[in-house]
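> sequence first, predicted model second:
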Amino acid sequence: MIKFFRGGLRRVCCSDAKRSALGRLSNITRIWFSPLPAKSKWIQPCTVHYMENDQQKETHIVKVLDGVLVLLYNKSRDKLIFVRQFRASVYQALMNYHQPTATGDVDLQKFPPELGFTLELCAGQVDKDKSLEDIAREEILEECGYDVPVDSMQTIYQYRSGVGVSSGAQALFYCEVCDEQRVSSGGGVDREVIQVVEMSLDEAKKLVETGNRTNGGPALLVGVMWFLLNKAPKST
Ligand SMILES: Nc1ncnc2c1ncn2[C@@H]1O[C@H](COP(=O)(O)OP(=O)(O)O[C@H]2O[C@H](CO)[C@@H](O)[C@H](O)[C@H]2O)[C@@H](O)[C@H]1O
């Protein structure tokens, strides 16, 4: 049984999401660690030096790709739509509290893969020369299976994530979908294994109640709070 981890997952969020997830199941059978390759397509670490008030300072930073995220609302069934997937970074963070110098294979009995599953908004990296709206539209189709017009994307916020270390630009959109626009079960492309999770507005409201913990990023919480403030029927 998974115990509570410092600063980590409150298991109920993931377990609830797992019960209502649609799509291909993830079966993780082995996890191991190794050093970063000399050149990564995804991240570039470096040191930034600067003088502030005559003092020399330095910050170790990681350059990352920008991202788009979409809060999806299915108006046919009055449900918010999220995605559930294994995130190696979350897994590493949670298991590493107990094993800070981990290298090589991980004992999956001690640290089950379930630790690394997150509930998130549909999202993607800005890794092609297209508009943010176009990239968001593609991610909705690939991950959640809805074919929507690009002009259905409404900007909620644009902000930067991880400003202490990485500072990628994040564009957060809202998009309403209906059952007629569902053309596939989603699940991701290539080797992605992404489950689609539908949540009632009452469940989503419980998720953002003060004091709750999730192991995903802040965008889901921010998006749902924005939705409850601006879009949800007033009785919700
Ligand atoms: N670091 C990495 N190492 C190796 N392979 C990698 C990688 N990052 C991505 N990939 C590969 O690229 C594929 C596509 O990734 P996505 O574009 O869906 O972005 P992701 O969902 O990870 O991040 C989206 O969601 C997160 C969380 O919400 C946002 O922070 C982010 O900006 C947004 O793009 C992944 O399935 C993986 O194969």
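Yes, it's here.
> going forward, measure contacts between C-alpha atoms and count neighbours the same way
Noted.
> helix or strand with the lowest mean pLDDT in this structure?
When the helices and strands of the chain are scored by mean pLDDT, DSSP states H and E, helix 11-19 comes last with a mean of 48.
> what strand or helix carries residue 62?
strand 55-64 (DSSP states H and E).
> contacts for the longest helix along the chain?
Using DSSP state H, we find that the single longest helix of the chain is helix 218-230. Contact partners of helix 218-230, identified using CA atoms under 8 Å, 6 or more residues apart in numbering, comprise 69, 71, 120-121, 156, 172, 204-205, 207-208, 236.
> considering only the residues you listed, which also neighbour the ligand?
Among the contacts of helix 218-230, not one lies near the ligand by CA under 6 Å from any ligand atom.
> of these, which belong to helices?
Per DSSP H, those map to helices at 204-205, 207.
> got TSV for those, with neighbour count and pLDDT too?
Output for those, formatted as TSV (neighbours: other CA atoms under 10 Å; pLDDT from 0 to 100):
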residue	neighbour count	pLDDT
204	20	96
205	16	95
207	19	93
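> turn those into JSON lines, including distance to residue 150.
Shown next, in JSON lines, are those (distance: CA to CA, whole Å):
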{"residue": "204", "distance to residue 150": "26"}
{"residue": "205", "distance to residue 150": "28"}
{"residue": "207", "distance to residue 150": "29"}
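> so which residues of this protein form helices?
11-19, 88-96, 132-139, 201-207, 218-230.
> point out the most buried one among those helices.
Comparing those by mean neighbour count (mean count of other CA atoms under 10 Å), helix 132-139 ranks first with a mean of 22.
> quick check: bridge partners of residue 81?
On the basis of DSSP bridges, residue 81 is bridged to residue 72, residue 198.
> just checking, it touches residue 200?
No: the criterion here is CA atoms under 8 Å, and residue 81 misses it with residue 200 at 9.0 Å.
> of these two, who's got more company?
Ranked by neighbour count (other CA atoms under 10 Å), residue 81 and residue 200 place residue 81 first, with 21 against 14.
> contact residues of the protein facing the ligand?
With the criterion set to CA under 6 Å from any ligand atom, the chain comes near the ligand through 42, 66-68, 123-125, 192.
> if any of those are buried, put those into a ChimeraX selection.
Filtering those down to the buried ones (16 or more other CA atoms under 10 Å) takes a single ChimeraX command:
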select :66,67,68,123,124,125
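> of all pairs in the residues of the chain next to the ligand, which one is the farthest apart?
By the measure CA to CA, 66 and 192 form the most distant pair in those, at 19.1 Å.
> find the nearest non-adjacent residue to residue 23, please.
Ranked by CA to CA, 6 or more residues apart in numbering and with sequence neighbours excluded, the top spatial neighbour of residue 23 is residue 195, at 5.0 Å.
> one more: residue 80?
Spatial nearest neighbour of residue 80, chain neighbours left out: residue 73 (4.5 Å); criterion: CA to CA, 6+ apart.
> as a quick check, tell me the outermost residue of this protein.
Distance to the chain centre peaks in the chain at residue 54, reaching 40.0 Å (criterion: CA atoms, centre = their mean).
> tell me the contacts of that one?
Residue 54 is in contact with no residue at all, counting by CA under 8 Å, 6+ apart.
> Provide a list of residues in contact with residue 161.
Residue 161 neighbours (CA under 8 Å, 6+ apart): 167-170.
> could I get the pLDDT score of it?
Looking at residue 161, its pLDDT reads 94.
> please name the bridge partners of it.
Under DSSP bridges, the beta-bridge partners of residue 161 are residue 168.
> measure it to residue 59 for me?
Computed as CA to CA, to the nearest Å, the residue 161 to residue 59 distance reads 16 Å.
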